[in-house]
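Colleague: got a structure for you, letters missing:
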């Protein structure tokens, strides 16, 4: 569908405050088939009996009782002022799909109505809907957000700049653009939290009424949500991309909040992976008197299972073979020592960092070849 460029919140629920500093937009493309995008949602004025007359934004079902939309869509709006329609391709066909009330709105932390950074919000429904939620793009999907990648945007927004919203759900394929392209149009955007997306051709875009709707890739169960329609410059202008909220930047927040809003218990925050490197052990100074002290220097984190020194002497005609392990002791941060007798002859010393189970290497060890001779 050609996502025609539209002003933010082309239509507003009663009492809502319009944001006019920037435009949002959907045009061109094709009509969606019934059930093609089951997770597609429409935000409609609670007083509009015909959803087509009351739609003001789109959204995406991310959990049975939770819809993700844009923060600017619910700016100055309370939960009792709008409903959510799902499972419907033609909005005016009231017998299709479900129309449910809203009980709570949760905006993304740091939402800024002037810059439109953190332009995301979660809407809690008063009951679970029967449609299949759309999965969020994950860490493994980062390549699909890169410049040049093909994505899809869908919605019931206007089909021409300044035109009326569409009664029929539409979609259009667009292309992820470089951040610098949107910087040239809108000033510096937040590359970590926003995506620049558009088309080289005129008449292909998102538009008024598409705000809050999904930007995604893939079909069916393989589809993943990568963005939220946020703002742009008019609708459908050639080589004039728009800005979309980057969903992957909010995946943890969406998952945690949606779990609570859906009636569950949030998963515990995972323990962060240590940022320090695995240990690297180097054999340092070796000093001998009646016994020997071998110094081991450690960079990176400390070995989880400690360090052992393996003393090896090959068997010769005059000397017995030696293959002995001695556990090192930590003497200070980054320094370990081994006190042991070192036999005469040519020796090979192996410094071995161990895992917590002491059954494998934890990082990198060191090898030193020395010769101990009588005084």
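Modeller: Now that the structure is in, tell me what you want to look at. Quick caveat, the model's predicted, so the values are computed rather than measured.
Colleague: what secondary structure does the residue nearest to the spatial centre of the chain sit in?
Modeller: Centrality entry for the chain: nearest residue to the mean C-alpha point is residue 248, 2.4 Å, by Cα atoms, centre = their mean. Classification of residue 248 by DSSP: H, G, I helix; E, B strand; the rest coil places it in helix.
Colleague: Which per-residue confidence value corresponds to residue 268?
Modeller: What the model reports as pLDDT for residue 268 is 58.
Colleague: where are the low-confidence patches of the stretch 1-150 of the chain?
Modeller: 1-29 (pLDDT under 70).
Colleague: So which residues of it form helices?
Modeller: Taking DSSP state H, counting those that start in this stretch as the test, the helices found in the stretch 1-150 of the chain are 51-54.
Colleague: before we move on, back to that, apart from its neighbours in sequence, what residue is nearest the residue nearest to the centre of the chain?
Modeller: Once flanking residues are discounted, residue 248 sits nearest to residue 137: 5.3 Å by Cβ to Cβ, 6 or more residues apart in numbering. Just so you know, the C-beta spots here come from the backbone N, C-alpha and C atoms, and that holds for glycine as well.
Colleague: quick one: the one you found from residue 253, how far?
Modeller: In this structure, residue 137 and residue 253 are separated by 14 Å, where distance is defined by Cβ to Cβ, to the nearest Å.
Colleague: Of the two, which one has the most company?
Modeller: Here residue 137 and residue 253 are set side by side on neighbour count (other Cβ atoms under 10 Å), and the busier one is residue 137, at 23 against 15.
Colleague: ok, that one - contacts?
Modeller: Contacts for residue 137 (Cβ atoms under 8 Å, 6 or more residues apart in numbering) come out as 144, 145, 217, 224, 225, 226, 247, 248, 251.
Colleague: Would you list the phi and psi of it?
Modeller: The phi and psi torsions at residue 137 (degrees, to the nearest 10) take the values phi -60, psi 140.
Colleague: In this structure residue 258 contacts residue 67, no?
Modeller: No. If you go by Cβ atoms under 8 Å, residue 258 and residue 67 don't touch, sitting 9.5 Å apart.
Colleague: Overlap of the contact sets of these two?
Modeller: Common contacts of residue 258 and residue 67, defined by Cβ under 8 Å, 6+ apart, comprise residue 122.
Colleague: higher neighbour count, these two?
Modeller: Neighbours around residue 258 and residue 67, counted as other Cβ under 10 Å, are more numerous at residue 67. The numbers are 28 against 23.
Colleague: who's in contact with that one?
Modeller: Neighbouring residues of residue 67 by Cβ under 8 Å, 6+ apart: 41, 43, 59, 60, 61, 84, 86, 122, 123, 125.
Colleague: mind putting the contacts of residue 137 in a markdown table, distance to residue 77 included?
Modeller: Below are the contacts of residue 137 laid out as a markdown table (distance: Cβ to Cβ, whole Å):
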| residue | distance to residue 77 |
| --- | --- |
| 144 | 32 |
| 145 | 29 |
| 217 | 30 |
| 224 | 28 |
| 225 | 22 |
| 226 | 25 |
| 247 | 22 |
| 248 | 26 |
| 251 | 25 |
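Colleague: tell me the two of those residues that are most distant?
Modeller: Spatial extent of the contacts of residue 137 (Cβ to Cβ) is set by the pair 217 and 251 at 15.3 Å.
Colleague: neighbour count winner among these two?
Modeller: Neighbours were tallied for residue 217 and for residue 251 using other Cβ under 10 Å; the higher tally belongs to residue 217 (20 against 15).
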